[in-house]
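>>> Model the structure of this input:
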Amino acid sequence: MGNIDRVMPEELVVGRGDPVYMAHAYLTKVPVPAIVPFIEAFTRPGDLVIDPFAGSGMTGVAAASAGRRARLSDISVLGQHIGRNYVNLVDPAELRSTADRIIAAAIETLGDLYRVPCSNCGADGRLVKTVWSTVVECGGCHLPVNYYHSMETADWKKSDMVCPGRDAPISARLKKVGEAPVLDCIECSCSSKQREQPSVQAPSTDLSGLNYPRVEIGSERQMYKASALGRHGLTTIASFYSARNLTVLTTLHEQILRVESDPLRQKLLFAFTASLTRASKRYQWSRQRPLNAANANYYVAPVFYEWNVFDLFRRKVESVIRSDDWIRDRLGHGSLFSTDLQVTYDTGSATNIELPDNSVDYVFTDPPFGSNLFYADMALFQEAWLDGFTNVQDEAVIDRGTKKARGADRYEQMLTEALTECRRVLKPTGRVSMVFGNSTGAVWSLVERAVRTAGLQIDADEIVILNKGQRSVKGLASGFEHVATLDLVLTMTVATEAQLAPGPVPADELDACVVELLETADGRTPSHLYLELLRVGLKRGWSLGDLDLRHVIDVLQSTDLDIDAGTGTLARIAS
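Modelled structure (predicted):
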C-alpha cells in the first residue's frame, strides 16, 4: 500500500525549464517534478510504477529519481528512443570527445560548408545562421516577390506590403514559387559580436549520392491536411531542410552510427534527433528573436532560419549532459551508469499490458487527449532517421479528418481497454493517476464512461489541476479562445461495487456553481474556472457532457471580467 497520508494539493504548479524537460522535445510532456509528488504520495521505495502511454518516458525518470522501479510502454518508436536515452546515463567527458570526433570526421568528409567570406574584412568567417525568405507570386503582375524584402520595404508592417511593380498587396497567402537566402549571421575575428551581412551562395552539394531519409508524408495523415503540406510542396521529410543542412545531417548521422559503444551511440543519436526540428525550415524567424519551431505542426513561416547544424548538435550534447547530471543528483550518487536505474521501456499497446495480474503498485499515465494532437504524424520527423515507424492505426486519437476510421467510439473503446488493463495488473490497494485535458464536455463524458466500464472509480478528493506554467499559442492571443491550457490529474482506485452512472447536470446547481467560481475569478484563467467546474461535476456525480469550456467563456464575456492579454488571467473591469 502506498504512503497515502500525503494529501495532494488541489493545484500543482510546475515549470518546464528543468534540464530533463529541455533535453529533447516531445508533444505534451509532463515535467518530472509534476510526477514525483504523485509517486511519492502513492508508493513506497522499491515499488513498481508503470506507464502504458509512456511517451517520452518522464514517468520512468520520475520513478527512478524517487527510488522506484518502472516499466514503460508505448506504441511510439520515437517515444521509446527518447525514454530509453533519458535513463542511459553516460560519461560526460566521453560523450563530448566522441561528439567532437564525429563532427571533425563530418567536416573532413564534406569540407567546411559553413565557412563564408566576411564582407567587412574579406577573411573567412563562420556561419551561425542564414535567414531565408519565401518568394511569392504577385496576384497582380504574377512576378516573383521576395517576402522578406517586401516586408523590409514596408518598414516591417505586413499590412503595408505591396508589389513594387503593381502596388498589389503581398501576403504569405499568395502562391509560393521559391525560397531565397537573404541574410547571413557570421562570426569573424574582425568583430567581437555576430555580424549580419547579405547572404552569399552556399557551397554546392550533390544530394543524389546521399543516403538521406526518403520518407513521404502521405496525404492520408492528419498533419498533411492541417498544415496544407501539398500546397506548400512539403510532402517529404527531406523537403524541410536546406540542401546544405540535409547534407550535413546525413553525414553526421552516418558518423554517429559508426560509434562502437552502444550507450554512446544511442546518446549521440538522442542529441541528433533533438536537433532535427531546429535544423529544419520549421525554425521561425523574428526581428526581435528566433521563435523556435512548433512541435505540434509542420508549419514553415514565410521567413525562416537555416542554423549551423554542428552548433545545434554541440549545444544539444551539452543539454543532454545537463539532463544526465540532473538525474544523477536526484539519485543521490555519482554513478555514470544506467544499470542503477531499474527502468525498462518496450513498444506495445496500452490495451495489452504484458504483466501479470495484481503485480503493479501504481500507474501514472498521460494518454492522448482525444483529437488534440497526432503523435505519430509529428514523430515521423525524427523517426525518419531511426529504425522503425509508429503504426498510425494503433494511435488512441480521434481523427478530425476520417472520423469513421478513427472516431470517438474507437477512442473510447481503446481508452476503456487500456484502463481495464491497468485495473487488471494493479494490486488491490494500488492507484491509477491519469493526466487528461480537453475543452469539450463530450470528451470528458467519454472519460467518465471509460473509467466506470474499466472497473475503476475516481477519488474525488485527489483531483489535481496540473499547471505547467505556460499558456498555449492560442491562449496567448486574448485568453478567450476555446482551448484548455491546463490539465486535470484524476487518481482512481479499483471499484469495490457497481457504480451508478453520472446524472444530468441540474441547471440551478450549474448556474450557482458558475456564479460561485466567478466570485474568485480574479487572477485566474478561464481554463482554471473550467477545470474547477469539472472538478465540482466529478465530485457531485454529474455527467460532464454538457460542461464545455465554451460555456464558461460565454458566461465570462457577459460579466465585468476581462482578460489580461499579457498573463491570460482574469481581472475586473474598472468602472
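>>> remind me, longest helix of the chain?
Identified as the longest helix of the chain according to DSSP state H is helix 309-331.
>>> Go through that one and flag the buried ones.
If you call a residue buried by 16 or more other CB atoms under 10 Å, then helix 309-331 has these buried ones: 309-314, 316-317, 319-321, 323-324, 326-328, 330. Every C-beta, even on glycine, is put in place using the N, C-alpha and C of the backbone.
>>> Could you pull up the residues touching the nearest residue to Gly139 once chain neighbours are set aside?
Once flanking residues are discounted, Gly139 sits nearest to Ala168: 5.5 Å by CB to CB, 6 or more residues apart in numbering. Contact analysis of Ala168 by CB atoms under 8 Å, 6 or more residues apart in numbering lists 138-141, 162.
>>> now Ala180
132-133, 135, 146.
>>> mind redoing it with 10 Å?
Listed by CB atoms under 10 Å, 6 or more residues apart in numbering, the contact partners of Ala180 are 132-135, 144, 146-149, 199.
>>> now swap in Ser543 and tell me
441, 444-445, 448-449, 501-505, 537.
>>> can you check Asn391 too?
For Asn391, the set of contacting residues under the criterion of CB under 10 Å, 6+ apart consists of 75-77, 347, 349, 376.
>>> residue ranges for the strands of the stretch 1-150 of the chain, please.
Here the stretch 1-150 of the chain has its strands, by DSSP state E, counting those that start in this stretch, at 11-13, 48-51, 69-74, 115-117, 124-137, 144-146.
>>> Indicate which one of the ones you listed is closest to Leu419.
The closest of those to Leu419 is strand 48-51. By CB to CB, the value is 12.7 Å.
>>> ok, now how distant is the nearest residue to Pro203 once chain neighbours are set aside from Ala293?
What sits nearest to Pro203 in space, not counting adjacent residues and going by CB to CB, 6+ apart, is Leu113, at 5.4 Å. Distance, Leu113 to Ala293, using CB to CB, to the nearest Å: 21 Å.
>>> Repeat that for Asp394.
If you go by CB to CB, the gap between Asp394 and Ala293 works out to 26 Å.
>>> Neighbour count for those two, which is higher?
Neighbour count, other CB atoms under 10 Å: between Asp394 and Ala293, Ala293 has more, with 24 against 16.
>>> what residues are up against that one?
Under the criterion of CB under 10 Å, 6+ apart, the neighbours of Ala293 are 25, 240, 276-284, 299-301, 304-305, 381.
>>> For Met223, the count of nearby residues, please.
Other residues within reach of Met223, judged by other CB under 10 Å, total 19.
>>> And it, how close does it get to Phe374?
Taken as CB to CB, the spacing of Met223 relative to Phe374 amounts to 6 Å.
>>> Quick one, which of the contacts of Asn391 has the minimum pLDDT?
The pLDDT minimum for these sits at Ala376, where the score is 87.
>>> Look at that one and tell me its secondary structure.
Following DSSP: H, G, I helix; E, B strand; the rest coil, the label given to Ala376 is helix.
>>> Tell me how many other residues crowd it.
Around Ala376 there are 23 residues (other CB under 10 Å).
>>> With Ala104 instead?
Here the count is done by other CB under 10 Å, and Ala104 has 12 residues near it.
>>> And for Ser133?
The local packing of Ser133 (other CB under 10 Å) involves 25 other residues.
>>> Now it. Nearest residue, chain neighbours left out?
Counting by CB to CB, 6+ apart, Tyr148 is the residue found nearest to Ser133 once chain neighbours are left out, at 3.4 Å.
>>> give me the number of residues near that neighbour?
Neighbour count for Tyr148, taken as other CB under 10 Å: 19.
>>> do the same with Val248
Once other CB under 10 Å is used to define contacts, Val248 is seen to have 26 neighbours.
>>> Make 18 the starting number, not 1.
Taking 18 as the first residue, the last one we looked at is Val265.
>>> got a list of what it touches?
Contacts for Val265 (CB under 10 Å, 6+ apart) come out as 120, 123-124, 126-127, 130-131, 222, 258-259, 296, 325-327, 329-330.
>>> secondary structure class for it?
Assigned with three-state DSSP, Val265 falls in the helix class.
>>> That one and Ile124, how far apart?
To Ile124, Val265 is 9 Å away according to CB to CB.
>>> Tell me the buried residues in stretch 293-305?
Counting neighbours by 16+ other CB under 10 Å, the buried set in stretch 293-305 is 293-302.
>>> neighbours around the closest residue to Leu144 other than its chain neighbours, how many?
In space, not counting the residues next to it along the chain, Leu144 is nearest to Tyr131; the distance is 4.1 Å by CB to CB, 6+ apart. Residues within reach of Tyr131, counting by other CB under 10 Å, total 26.
>>> And the one 4 residues further on, by the same measure?
Other residues near Cys135 come to 19 when the count uses other CB under 10 Å.
>>> Repeat that for Asp68.
Each residue near Asp68 was counted by other CB under 10 Å, and the total is 30.
>>> Report the contact partners of it.
Contacts for Asp68 were tallied using CB under 10 Å, 6+ apart; they are 47, 52, 74-77, 79-80, 87-91, 100, 362, 367, 379-384, 439, 450.
>>> tell me the secondary structure for the nearest residue to Leu127 once chain neighbours are set aside?
Take Leu127 and drop its neighbours on the chain: the residue closest to it by CB to CB, 6+ apart is Thr268, 5.6 Å away. In three-state terms, and counting by three-state DSSP, Thr268 is helix.
>>> I'd like to know how many residues surround Thr268.
For Thr268, the count of nearby residues is 23 (other CB under 10 Å).
>>> Please apply the same query to Ser206.
Around Ser206 sit 11 other residues, with neighbours defined as other CB under 10 Å.
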